[in-house]
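Engineer: Build me a model:
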Amino acid sequence: MAQADPSGRGSAAVPGRGRAPAAVRVAGPGGAARRRGRGPFRVLLAMLLTALVAGGAVPYVAGPGRAYLSYLVLAERADADGADRAAEQARAAGGQVVQEYPQIGAVLAYASAGFAEKVRGRPGVAAVGATRTSPVPGPPRSVDGAGDFRTGADGGDRAGGADGADDTTATVPDPGERDAWNLALLGAAPGAGADTAPGPSRGPAAPAAALREVLVAVLDSGVDDTHPDLRAAVDPKSSASCADGRPDARTGSWRPEAGVNESGHGTHVAGIVGAARDGRGVSGVAPGVRIAAVRLLGPLGQYYAENIVCGMLWAADHGARAINNSYFADPWKYNCPEDPDQAALTAAVGRAVEYARRRGAVVVASAGNDAQDLGAVRTDERSPNDRTAGPSQSRSLGPECVRLPGELPGVVTVTAVDRDGRPSVYTNHGRGRVSLAAPGGDPDGGAQGAVVSDWPGGRYAALAGTSMAAAHVSGAVAVAAALHPDWDSDRLAALLAATADAACPPGPHACGDREYYGAGALALPR
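Structural biologist: This is a model prediction of the structure:
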(Lines give C-alpha, C1' and ligand atoms only; values in the text may rest on other atoms or scores of the structure.)
Protein backbone atom coordinates (compact mmCIF):
# COMPACT_ATOMS: atom_id res chain seq x y z
CA MET A 1 0.00 0.00 0.00
CA ALA A 2 1.06 3.53 -0.49
CA GLN A 3 2.89 5.52 2.07
CA ALA A 4 1.30 8.73 3.21
CA ASP A 5 3.38 11.26 5.02
CA PRO A 6 2.44 10.73 7.68
CA SER A 7 4.79 10.87 4.21
CA GLY A 8 3.04 7.88 5.77
CA ARG A 9 -0.02 6.17 6.90
CA GLY A 10 -0.43 3.29 9.24
CA SER A 11 1.27 2.22 12.40
CA ALA A 12 4.97 2.51 11.89
CA ALA A 13 8.07 1.38 13.65
CA VAL A 14 10.48 4.27 13.87
CA PRO A 15 14.17 3.43 13.43
CA GLY A 16 15.69 3.19 16.86
CA ARG A 17 12.32 3.20 18.62
CA GLY A 18 9.65 0.72 19.55
CA ARG A 19 6.43 0.40 17.63
CA ALA A 20 4.33 3.54 17.94
CA PRO A 21 1.22 3.31 20.15
CA ALA A 22 -1.96 2.80 18.20
CA ALA A 23 -3.23 6.32 18.86
CA VAL A 24 0.04 7.98 17.90
CA ARG A 25 1.08 6.85 14.46
CA VAL A 26 4.19 7.95 12.60
CA ALA A 27 2.56 9.74 9.75
CA GLY A 28 4.94 10.62 7.06
CA PRO A 29 6.79 9.65 3.97
CA GLY A 30 8.30 6.42 4.94
CA GLY A 31 6.69 6.27 8.36
CA ALA A 32 3.96 3.68 7.96
CA ALA A 33 4.00 0.00 7.34
CA ARG A 34 2.65 -1.02 3.93
CA ARG A 35 0.45 -4.00 3.41
CA ARG A 36 1.43 -6.18 0.51
CA GLY A 37 -0.44 -8.80 -1.43
CA ARG A 38 1.27 -12.19 -1.54
CA GLY A 39 -0.45 -13.99 -4.39
CA PRO A 40 -0.20 -14.08 -8.18
CA PHE A 41 -2.28 -12.08 -10.62
CA ARG A 42 -5.53 -13.50 -9.25
CA VAL A 43 -4.75 -11.74 -5.98
CA LEU A 44 -4.81 -8.43 -7.83
CA LEU A 45 -8.23 -9.31 -9.23
CA ALA A 46 -9.43 -10.11 -5.73
CA MET A 47 -8.15 -6.71 -4.57
CA LEU A 48 -10.10 -5.02 -7.34
CA LEU A 49 -13.27 -6.85 -6.33
CA THR A 50 -12.67 -5.73 -2.76
CA ALA A 51 -12.47 -2.16 -4.06
CA LEU A 52 -15.87 -2.69 -5.70
CA VAL A 53 -17.45 -3.62 -2.39
CA ALA A 54 -15.64 -1.03 -0.27
CA GLY A 55 -15.41 1.88 -2.64
CA GLY A 56 -18.55 1.56 -4.70
CA ALA A 57 -16.91 1.44 -8.16
CA VAL A 58 -14.76 -0.97 -10.11
CA PRO A 59 -11.81 1.22 -11.16
CA TYR A 60 -10.79 -0.70 -14.28
CA VAL A 61 -12.43 -2.07 -17.40
CA ALA A 62 -11.54 -5.74 -17.73
CA GLY A 63 -9.93 -6.65 -21.03
CA PRO A 64 -10.12 -9.98 -22.86
CA GLY A 65 -7.46 -11.81 -20.87
CA ARG A 66 -4.96 -8.98 -21.20
CA ALA A 67 -2.87 -7.26 -18.57
CA TYR A 68 -2.18 -3.54 -18.72
CA LEU A 69 0.33 -1.16 -17.22
CA SER A 70 -0.14 2.59 -16.98
CA TYR A 71 2.40 4.86 -18.69
CA LEU A 72 3.20 8.55 -18.71
CA VAL A 73 4.30 9.77 -22.14
CA LEU A 74 6.07 13.13 -22.18
CA ALA A 75 6.53 15.15 -25.34
CA GLU A 76 9.54 17.33 -26.00
CA ARG A 77 7.19 20.31 -25.95
CA ALA A 78 5.67 20.93 -22.50
CA ASP A 79 2.42 22.41 -23.82
CA ALA A 80 -0.88 21.46 -25.43
CA ASP A 81 0.74 20.79 -28.81
CA GLY A 82 3.15 18.49 -27.02
CA ALA A 83 0.28 16.63 -25.38
CA ASP A 84 -1.27 16.14 -28.82
CA ARG A 85 2.00 14.72 -30.14
CA ALA A 86 2.38 12.43 -27.12
CA ALA A 87 -1.17 11.14 -27.59
CA GLU A 88 -0.58 10.55 -31.30
CA GLN A 89 2.56 8.53 -30.69
CA ALA A 90 1.01 6.59 -27.82
CA ARG A 91 -1.95 5.52 -29.95
CA ALA A 92 0.32 4.62 -32.84
CA ALA A 93 2.11 2.19 -30.54
CA GLY A 94 -1.13 0.56 -29.42
CA GLY A 95 -1.73 2.49 -26.24
CA GLN A 96 -5.12 3.67 -24.98
CA VAL A 97 -4.90 7.32 -23.95
CA VAL A 98 -7.18 7.96 -20.98
CA GLN A 99 -6.03 11.45 -19.93
CA GLU A 100 -4.14 14.35 -21.46
CA TYR A 101 -2.18 16.91 -19.47
CA PRO A 102 -1.91 19.85 -21.91
CA GLN A 103 -0.33 22.07 -19.25
CA ILE A 104 2.85 19.97 -19.32
CA GLY A 105 2.79 18.20 -22.69
CA ALA A 106 2.05 14.71 -21.38
CA VAL A 107 -0.57 11.96 -21.51
CA LEU A 108 -1.55 8.93 -19.45
CA ALA A 109 -1.90 5.76 -21.52
CA TYR A 110 -2.62 2.11 -20.76
CA ALA A 111 -0.94 -0.63 -22.76
CA SER A 112 0.66 -4.04 -22.49
CA ALA A 113 4.20 -4.52 -21.27
CA GLY A 114 6.81 -3.36 -23.78
CA PHE A 115 4.88 -0.24 -24.73
CA ALA A 116 7.55 2.12 -23.39
CA GLU A 117 10.24 0.62 -25.59
CA LYS A 118 8.02 1.09 -28.64
CA VAL A 119 7.41 4.78 -27.96
CA ARG A 120 10.82 5.92 -26.71
CA GLY A 121 12.75 7.60 -29.47
CA ARG A 122 9.71 8.40 -31.59
CA PRO A 123 9.66 11.93 -33.04
CA GLY A 124 8.64 14.54 -30.50
CA VAL A 125 8.74 12.15 -27.52
CA ALA A 126 11.02 13.10 -24.61
CA ALA A 127 10.38 10.28 -22.14
CA VAL A 128 8.09 7.34 -21.42
CA GLY A 129 7.74 5.52 -18.12
CA ALA A 130 5.57 2.82 -16.59
CA THR A 131 3.94 4.23 -13.47
CA ARG A 132 3.28 0.81 -11.90
CA THR A 133 4.91 -2.61 -11.84
CA SER A 134 1.86 -4.83 -11.29
CA PRO A 135 -0.64 -5.04 -14.14
CA VAL A 136 -4.36 -4.35 -14.02
CA PRO A 137 -7.11 -5.91 -16.15
CA GLY A 138 -7.57 -2.78 -18.25
CA PRO A 139 -7.72 1.02 -18.36
CA PRO A 140 -9.92 2.84 -15.84
CA ARG A 141 -13.54 3.02 -16.88
CA SER A 142 -14.98 6.30 -18.10
CA VAL A 143 -16.87 8.32 -15.49
CA ASP A 144 -19.82 10.54 -16.41
CA GLY A 145 -19.41 13.99 -14.94
CA ALA A 146 -15.68 13.76 -14.37
CA GLY A 147 -13.62 16.79 -15.17
CA ASP A 148 -11.17 17.32 -17.99
CA PHE A 149 -8.23 19.69 -18.18
CA ARG A 150 -9.16 20.85 -21.67
CA THR A 151 -12.82 21.53 -20.92
CA GLY A 152 -12.72 22.46 -17.23
CA ALA A 153 -14.72 20.93 -14.40
CA ASP A 154 -17.50 22.13 -12.15
CA GLY A 155 -17.74 21.17 -8.50
CA GLY A 156 -21.03 20.48 -6.77
CA ASP A 157 -22.38 21.46 -3.39
CA ARG A 158 -21.46 19.37 -0.39
CA ALA A 159 -24.08 16.76 0.44
CA GLY A 160 -24.35 13.61 2.49
CA GLY A 161 -21.87 12.26 5.00
CA ALA A 162 -18.41 10.81 4.92
CA ASP A 163 -17.54 7.31 6.06
CA GLY A 164 -13.83 7.24 5.34
CA ALA A 165 -12.42 6.80 8.82
CA ASP A 166 -9.68 4.25 9.33
CA ASP A 167 -10.84 2.38 12.42
CA THR A 168 -7.38 0.90 13.00
CA THR A 169 -6.28 4.30 14.32
CA ALA A 170 -7.26 5.02 17.91
CA THR A 171 -8.90 8.37 18.42
CA VAL A 172 -8.67 10.85 21.29
CA PRO A 173 -11.31 13.00 23.02
CA ASP A 174 -12.18 16.44 21.70
CA PRO A 175 -9.19 18.53 22.84
CA GLY A 176 -11.16 21.77 22.97
CA GLU A 177 -8.21 23.62 21.38
CA ARG A 178 -6.13 23.04 24.53
CA ASP A 179 -2.39 22.32 24.75
CA ALA A 180 -1.70 23.19 21.11
CA TRP A 181 2.06 22.98 21.60
CA ASN A 182 2.53 22.74 17.87
CA LEU A 183 1.01 26.19 17.30
CA ALA A 184 2.89 27.69 20.23
CA LEU A 185 6.13 26.44 18.71
CA LEU A 186 5.41 28.56 15.63
CA GLY A 187 4.99 31.73 17.68
CA ALA A 188 1.20 31.77 17.47
CA ALA A 189 -0.31 34.48 19.63
CA PRO A 190 -2.19 32.83 22.52
CA GLY A 191 -5.76 33.88 23.03
CA ALA A 192 -6.33 35.23 19.52
CA GLY A 193 -10.04 35.27 18.87
CA ALA A 194 -11.95 33.49 16.15
CA ASP A 195 -11.68 36.61 14.00
CA THR A 196 -7.96 36.26 13.36
CA ALA A 197 -5.50 33.62 12.39
CA PRO A 198 -2.77 32.87 14.93
CA GLY A 199 -0.05 35.44 14.42
CA PRO A 200 3.49 35.69 15.71
CA SER A 201 3.82 37.41 19.02
CA ARG A 202 6.26 39.81 17.38
CA GLY A 203 4.04 40.82 14.46
CA PRO A 204 0.48 41.22 13.20
CA ALA A 205 -1.91 38.35 12.57
CA ALA A 206 -3.53 37.71 9.22
CA PRO A 207 -7.24 38.65 9.39
CA ALA A 208 -9.65 35.80 8.68
CA ALA A 209 -11.15 37.86 5.83
CA ALA A 210 -7.76 37.95 4.11
CA LEU A 211 -7.20 34.24 4.72
CA ARG A 212 -10.56 33.49 3.12
CA GLU A 213 -9.08 34.75 -0.15
CA VAL A 214 -6.28 32.17 0.08
CA LEU A 215 -6.61 28.59 -1.17
CA VAL A 216 -4.46 25.73 0.14
CA ALA A 217 -4.63 22.43 -1.74
CA VAL A 218 -4.28 19.27 0.35
CA LEU A 219 -3.17 16.48 -1.99
CA ASP A 220 -3.72 13.39 0.10
CA SER A 221 -6.07 10.51 0.93
CA GLY A 222 -9.16 12.71 0.86
CA VAL A 223 -10.72 15.13 3.32
CA ASP A 224 -13.91 14.68 5.35
CA ASP A 225 -15.58 18.02 4.70
CA THR A 226 -18.43 17.13 7.08
CA HIS A 227 -16.09 17.34 10.08
CA PRO A 228 -17.17 20.27 12.30
CA ASP A 229 -13.68 21.78 12.15
CA LEU A 230 -13.60 21.66 8.34
CA ARG A 231 -17.15 22.28 7.15
CA ALA A 232 -16.51 25.93 6.45
CA ALA A 233 -12.98 25.39 5.19
CA VAL A 234 -13.26 22.88 2.35
CA ASP A 235 -14.20 24.56 -0.92
CA PRO A 236 -16.21 22.09 -3.04
CA LYS A 237 -15.68 24.09 -6.23
CA SER A 238 -11.91 23.68 -5.86
CA SER A 239 -11.96 20.04 -4.69
CA ALA A 240 -11.76 16.83 -6.70
CA SER A 241 -10.45 13.30 -6.89
CA CYS A 242 -7.39 12.43 -8.93
CA ALA A 243 -7.29 8.86 -7.66
CA ASP A 244 -6.81 7.39 -11.15
CA GLY A 245 -4.95 10.28 -12.76
CA ARG A 246 -8.08 12.02 -14.05
CA PRO A 247 -9.83 14.98 -12.40
CA ASP A 248 -13.20 13.94 -11.01
CA ALA A 249 -15.12 16.93 -9.61
CA ARG A 250 -18.36 15.13 -8.81
CA THR A 251 -19.82 15.93 -5.40
CA GLY A 252 -17.96 14.15 -2.61
CA SER A 253 -15.28 12.67 -4.86
CA TRP A 254 -12.66 14.31 -2.63
CA ARG A 255 -13.78 12.49 0.52
CA PRO A 256 -11.89 9.54 2.01
CA GLU A 257 -12.83 6.22 0.46
CA ALA A 258 -14.19 3.66 2.89
CA GLY A 259 -12.15 0.49 3.06
CA VAL A 260 -8.81 2.04 2.02
CA ASN A 261 -6.30 1.81 4.83
CA GLU A 262 -5.10 5.09 6.37
CA SER A 263 -7.73 7.09 4.50
CA GLY A 264 -8.11 9.46 7.47
CA HIS A 265 -4.65 10.90 6.91
CA GLY A 266 -5.78 13.72 4.63
CA THR A 267 -8.40 14.91 7.12
CA HIS A 268 -5.72 15.09 9.82
CA VAL A 269 -3.43 17.10 7.53
CA ALA A 270 -6.25 19.45 6.51
CA GLY A 271 -7.06 20.14 10.15
CA ILE A 272 -3.48 21.22 10.84
CA VAL A 273 -3.65 23.59 7.87
CA GLY A 274 -6.98 25.27 8.45
CA ALA A 275 -9.32 23.87 11.12
CA ALA A 276 -11.70 26.51 12.42
CA ARG A 277 -10.81 28.41 15.58
CA ASP A 278 -14.08 28.18 17.52
CA GLY A 279 -13.15 26.80 20.93
CA ARG A 280 -13.90 23.21 19.93
CA GLY A 281 -11.71 20.50 18.47
CA VAL A 282 -8.44 21.86 17.12
CA SER A 283 -7.37 25.09 15.48
CA GLY A 284 -5.34 25.12 12.31
CA VAL A 285 -2.29 27.20 11.54
CA ALA A 286 -4.45 29.35 9.24
CA PRO A 287 -8.07 29.19 10.45
CA GLY A 288 -10.30 30.82 7.86
CA VAL A 289 -8.29 29.65 4.86
CA ARG A 290 -10.06 27.81 2.03
CA ILE A 291 -8.99 24.22 1.46
CA ALA A 292 -9.03 22.41 -1.87
CA ALA A 293 -9.38 18.75 -0.96
CA VAL A 294 -7.72 16.74 -3.73
CA ARG A 295 -7.84 13.00 -3.18
CA LEU A 296 -4.88 11.15 -4.68
CA LEU A 297 -5.19 7.84 -2.85
CA GLY A 298 -6.69 5.23 -5.16
CA PRO A 299 -8.71 2.14 -4.25
CA LEU A 300 -5.57 -0.02 -4.08
CA GLY A 301 -3.88 2.40 -1.68
CA GLN A 302 -1.30 3.92 -4.02
CA TYR A 303 -0.08 7.42 -4.87
CA TYR A 304 0.93 6.82 -8.49
CA ALA A 305 2.73 9.51 -10.47
CA GLU A 306 -0.29 10.25 -12.67
CA ASN A 307 -2.36 10.92 -9.54
CA ILE A 308 0.23 13.42 -8.37
CA VAL A 309 0.44 15.11 -11.77
CA CYS A 310 -3.34 15.38 -11.97
CA GLY A 311 -3.61 16.77 -8.43
CA MET A 312 -0.81 19.27 -8.90
CA LEU A 313 -2.29 20.63 -12.12
CA TRP A 314 -5.80 20.76 -10.67
CA ALA A 315 -4.60 22.70 -7.62
CA ALA A 316 -2.56 25.12 -9.70
CA ASP A 317 -5.39 25.81 -12.14
CA HIS A 318 -7.78 26.53 -9.25
CA GLY A 319 -5.50 29.15 -7.75
CA ALA A 320 -3.86 27.35 -4.82
CA ARG A 321 -1.16 29.41 -3.11
CA ALA A 322 0.16 26.38 -1.22
CA ILE A 323 0.04 22.75 -2.34
CA ASN A 324 0.64 20.27 0.50
CA ASN A 325 2.15 16.86 -0.29
CA SER A 326 2.43 14.58 2.75
CA TYR A 327 3.28 11.32 0.95
CA PHE A 328 5.79 9.84 -1.46
CA ALA A 329 5.12 8.52 -4.94
CA ASP A 330 4.50 4.84 -5.58
CA PRO A 331 5.72 2.33 -6.60
CA TRP A 332 9.34 3.44 -6.17
CA LYS A 333 10.24 5.04 -2.88
CA TYR A 334 13.22 6.64 -4.61
CA ASN A 335 13.39 7.25 -8.35
CA CYS A 336 16.78 6.92 -10.02
CA PRO A 337 17.82 8.71 -13.23
CA GLU A 338 19.52 5.66 -14.76
CA ASP A 339 16.21 3.79 -14.88
CA PRO A 340 14.21 5.09 -17.88
CA ASP A 341 10.82 4.46 -16.25
CA GLN A 342 11.78 6.20 -13.01
CA ALA A 343 13.45 9.04 -14.91
CA ALA A 344 10.22 9.63 -16.84
CA LEU A 345 8.18 9.73 -13.63
CA THR A 346 10.60 12.23 -12.13
CA ALA A 347 10.35 14.39 -15.25
CA ALA A 348 6.53 14.27 -15.29
CA VAL A 349 6.08 15.20 -11.64
CA GLY A 350 8.84 17.80 -12.02
CA ARG A 351 6.97 19.46 -14.89
CA ALA A 352 3.80 19.54 -12.80
CA VAL A 353 5.64 21.11 -9.87
CA GLU A 354 7.16 23.78 -12.10
CA TYR A 355 3.79 24.53 -13.65
CA ALA A 356 2.27 24.98 -10.19
CA ARG A 357 5.09 27.26 -9.09
CA ARG A 358 4.71 29.41 -12.20
CA ARG A 359 1.02 29.73 -11.37
CA GLY A 360 1.90 31.14 -7.95
CA ALA A 361 1.80 28.07 -5.69
CA VAL A 362 4.39 27.18 -3.08
CA VAL A 363 4.78 23.39 -3.32
CA VAL A 364 5.37 21.91 0.14
CA ALA A 365 6.35 18.28 0.82
CA SER A 366 7.29 16.10 3.76
CA ALA A 367 10.90 14.92 3.98
CA GLY A 368 10.07 11.37 5.07
CA ASN A 369 10.13 9.25 8.20
CA ASP A 370 13.05 6.87 7.66
CA ALA A 371 15.77 8.71 9.61
CA GLN A 372 17.84 8.76 6.42
CA ASP A 373 20.32 11.32 5.10
CA LEU A 374 18.87 12.24 1.73
CA GLY A 375 22.26 13.46 0.56
CA ALA A 376 24.06 10.18 1.27
CA VAL A 377 24.05 6.57 0.15
CA ARG A 378 20.98 4.87 1.59
CA THR A 379 18.98 1.66 1.30
CA ASP A 380 15.49 1.14 -0.10
CA GLU A 381 13.93 -2.09 1.14
CA ARG A 382 10.34 -1.38 0.08
CA SER A 383 10.29 -0.94 -3.66
CA PRO A 384 8.39 -1.69 -5.72
CA ASN A 385 5.55 -1.47 -3.23
CA ASP A 386 2.70 -2.26 -5.62
CA ARG A 387 3.80 -5.82 -6.32
CA THR A 388 1.33 -8.64 -5.66
CA ALA A 389 3.95 -11.35 -5.22
CA GLY A 390 7.63 -11.82 -4.46
CA PRO A 391 10.02 -9.90 -2.27
CA SER A 392 10.93 -6.27 -2.55
CA GLN A 393 14.25 -5.27 -4.05
CA SER A 394 17.04 -4.30 -1.71
CA ARG A 395 18.53 -1.28 -3.44
CA SER A 396 21.59 0.68 -2.38
CA LEU A 397 20.99 4.18 -3.69
CA GLY A 398 23.04 7.31 -4.09
CA PRO A 399 21.88 10.90 -3.62
CA GLU A 400 20.92 11.11 -7.30
CA CYS A 401 17.87 8.93 -6.51
CA VAL A 402 15.05 11.13 -5.24
CA ARG A 403 11.75 10.90 -3.41
CA LEU A 404 8.85 12.41 -5.31
CA PRO A 405 7.84 15.13 -4.97
CA GLY A 406 9.90 16.14 -1.93
CA GLU A 407 13.34 16.21 -3.53
CA LEU A 408 12.44 18.02 -6.72
CA PRO A 409 13.88 21.49 -7.41
CA GLY A 410 11.80 24.32 -6.01
CA VAL A 411 9.88 22.18 -3.50
CA VAL A 412 9.86 23.31 0.14
CA THR A 413 10.87 20.08 1.89
CA VAL A 414 10.03 19.85 5.58
CA THR A 415 11.65 17.91 8.43
CA ALA A 416 10.01 17.24 11.80
CA VAL A 417 10.78 18.45 15.32
CA ASP A 418 9.26 17.43 18.66
CA ARG A 419 7.57 19.71 21.16
CA ASP A 420 10.98 20.73 22.54
CA GLY A 421 12.08 21.88 19.09
CA ARG A 422 14.58 19.04 18.65
CA PRO A 423 14.73 16.92 15.49
CA SER A 424 12.31 14.00 15.71
CA VAL A 425 14.09 10.67 15.78
CA TYR A 426 12.41 9.43 12.59
CA THR A 427 12.85 12.46 10.35
CA ASN A 428 14.79 12.31 7.12
CA HIS A 429 17.37 15.05 6.79
CA GLY A 430 20.27 16.19 4.61
CA ARG A 431 22.33 19.30 4.19
CA GLY A 432 21.11 21.11 1.11
CA ARG A 433 18.23 18.64 0.73
CA VAL A 434 15.70 20.05 3.22
CA SER A 435 14.16 23.52 3.53
CA LEU A 436 12.52 24.02 6.92
CA ALA A 437 11.75 22.21 10.17
CA ALA A 438 8.26 22.23 11.69
CA PRO A 439 6.30 20.44 14.42
CA GLY A 440 5.93 16.74 13.67
CA GLY A 441 5.82 15.33 17.17
CA ASP A 442 7.05 12.25 18.99
CA PRO A 443 5.31 8.90 18.31
CA ASP A 444 6.27 7.67 21.79
CA GLY A 445 5.04 10.77 23.62
CA GLY A 446 1.34 9.98 23.76
CA ALA A 447 -1.25 12.51 22.73
CA GLN A 448 0.78 15.23 24.48
CA GLY A 449 3.84 14.51 22.35
CA ALA A 450 2.15 13.96 18.99
CA VAL A 451 0.06 16.37 16.92
CA VAL A 452 -3.66 16.16 17.58
CA SER A 453 -5.87 17.01 14.62
CA ASP A 454 -9.10 16.08 12.89
CA TRP A 455 -10.13 12.55 11.93
CA PRO A 456 -13.08 11.48 9.76
CA GLY A 457 -16.46 11.15 11.40
CA GLY A 458 -16.09 14.23 13.60
CA ARG A 459 -13.28 12.62 15.58
CA TYR A 460 -9.68 13.48 16.52
CA ALA A 461 -6.43 11.53 16.39
CA ALA A 462 -2.84 12.03 17.51
CA LEU A 463 -0.22 11.36 14.83
CA ALA A 464 3.48 12.07 14.53
CA GLY A 465 5.49 12.45 11.35
CA THR A 466 6.87 14.71 8.68
CA SER A 467 3.36 14.70 7.20
CA MET A 468 2.27 16.82 10.12
CA ALA A 469 5.34 19.05 9.78
CA ALA A 470 4.62 19.78 6.11
CA ALA A 471 1.03 20.74 6.93
CA HIS A 472 2.26 23.41 9.37
CA VAL A 473 4.38 24.93 6.62
CA SER A 474 1.47 24.96 4.17
CA GLY A 475 -0.60 26.80 6.76
CA ALA A 476 2.21 29.31 7.23
CA VAL A 477 2.35 29.86 3.46
CA ALA A 478 -1.35 30.72 3.62
CA VAL A 479 -0.68 33.31 6.32
CA ALA A 480 2.14 34.78 4.22
CA ALA A 481 -0.08 34.90 1.13
CA ALA A 482 -2.84 36.64 3.09
CA LEU A 483 -0.36 39.27 4.25
CA HIS A 484 1.24 39.60 0.80
CA PRO A 485 -1.39 38.64 -1.79
CA ASP A 486 0.62 39.94 -4.73
CA TRP A 487 3.80 37.98 -4.04
CA ASP A 488 4.81 35.07 -6.25
CA SER A 489 5.71 31.60 -5.01
CA ASP A 490 9.45 32.23 -4.79
CA ARG A 491 8.99 35.36 -2.72
CA LEU A 492 6.57 33.65 -0.33
CA ALA A 493 8.96 30.73 0.15
CA ALA A 494 11.84 33.14 0.73
CA LEU A 495 9.83 34.95 3.41
CA LEU A 496 9.28 31.69 5.29
CA ALA A 497 12.98 30.85 5.07
CA ALA A 498 14.02 34.29 6.31
CA THR A 499 11.51 34.24 9.17
CA ALA A 500 12.64 30.74 10.19
CA ASP A 501 16.29 31.73 10.18
CA ALA A 502 15.60 34.82 12.28
CA ALA A 503 13.74 32.72 14.86
CA CYS A 504 16.58 30.25 15.34
CA PRO A 505 19.07 30.35 18.20
CA PRO A 506 22.68 29.70 17.19
CA GLY A 507 24.38 26.41 17.89
CA PRO A 508 25.64 23.37 16.00
CA HIS A 509 22.86 21.12 17.29
CA ALA A 510 20.01 23.61 17.29
CA CYS A 511 18.71 25.46 14.26
CA GLY A 512 22.29 26.06 13.22
CA ASP A 513 22.40 22.45 12.08
CA ARG A 514 21.26 22.91 8.49
CA GLU A 515 21.23 19.15 7.99
CA TYR A 516 18.10 18.86 10.11
CA TYR A 517 16.59 22.34 9.97
CA GLY A 518 17.33 23.69 6.51
CA ALA A 519 16.84 27.45 6.79
CA GLY A 520 15.56 27.04 10.34
CA ALA A 521 12.55 26.27 12.52
CA LEU A 522 9.24 27.46 11.10
CA ALA A 523 7.81 30.66 12.57
CA LEU A 524 4.67 32.38 11.37
CA PRO A 525 5.56 35.33 9.15
CA ARG A 526 4.86 38.94 10.01
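Engineer: what comes up buried for stretch 85-103?
Structural biologist: 85-90, 93, 95, 97-103 (16 or more other CB atoms under 10 Å). Quick note: C-beta positions are derived from backbone N, CA and C, even for glycine.
Engineer: low-scoring stretches of this protein, by residue?
Structural biologist: Applying pLDDT under 70 to the chain flags residues 1-65, 143-147, 151-168, 189-205, 507-509.
Engineer: Find the residue at the geometric middle of it.
Structural biologist: When CA atoms, centre = their mean is applied to the chain, the residue found nearest the centroid is Asn325 (2.7 Å).
Engineer: That residue contacts Val362, doesn't it?
Structural biologist: No. Using CB atoms under 8 Å, Asn325 makes no contact with Val362, being 11.2 Å away.
Engineer: mind listing the helices for the stretch 251-400 of the chain?
Structural biologist: 265-274, 305-317, 340-358 (DSSP state H, counting those that start in this stretch).
Engineer: what distance separates stretch 299-317 from the centre of its chain?
Structural biologist: 9 Å (CA atoms, centre = their mean, to the nearest Å).
Engineer: Could you do stretch 495-509 as well?
Structural biologist: Put simply, stretch 495-509 sits 26 Å off its chain's centre (CA atoms, centre = their mean).
Engineer: ok, back up a step: with respect to burial, which of the helices of the stretch 251-400 of the chain scores highest?
Structural biologist: Ranked by mean neighbour count, the helices of the stretch 251-400 of the chain are led by helix 265-274 with a mean of 33 (mean count of other CB atoms under 10 Å).
Engineer: now the closest residue to Pro337 other than its chain neighbours: how far from Tyr303?
Structural biologist: In this structure, Pro337 finds its nearest non-sequential neighbour in Ala343, 5.0 Å apart by CB to CB, 6 or more residues apart in numbering. As judged by CB to CB, to the nearest Å, Ala343 and Tyr303 stand 19 Å apart.
Engineer: and stretch 70-80, how far out from the chain's middle?
Structural biologist: The answer for stretch 70-80 is 22 Å, by CA atoms, centre = their mean.
Engineer: Ignore what I typed, I meant stretch 296-308.
Structural biologist: Worked out by CA atoms, centre = their mean, stretch 296-308 lies 10 Å from the chain centre.
Engineer: Endpoints of that stretch, how far apart?
Structural biologist: End-to-end distance for stretch 296-308: 7 Å, by CA to CA, to the nearest Å.
Engineer: Is the residue nearest to the centre of the chain bridged to anything, and to what?
Structural biologist: On the basis of DSSP bridges, Asn325 is bridged to Leu219, Ala365.
Engineer: need the contact list for it.
Structural biologist: Residues near Asn325 by CB atoms under 8 Å, 6 or more residues apart in numbering: 5, 219, 308, 363-366, 405-406, 411, 470.
Engineer: at 10 Å what do you get?
Structural biologist: Applying CB atoms under 10 Å, 6 or more residues apart in numbering to Asn325 gives the contacts 5, 7, 29, 217-220, 269, 296, 303, 308, 311-312, 315, 349, 353, 363-366, 404-406, 411-414, 467, 470, 474.
Engineer: Quick check: the gap between it and Pro123.
Structural biologist: Distance from Asn325 to Pro123, by CB to CB: 34 Å.
Engineer: Check Asp341 too.
Structural biologist: 21 Å.
Engineer: Is Arg91 in a helix, a strand, or coil?
Structural biologist: Under DSSP: H, G, I helix; E, B strand; the rest coil, Arg91 falls in the helix class.
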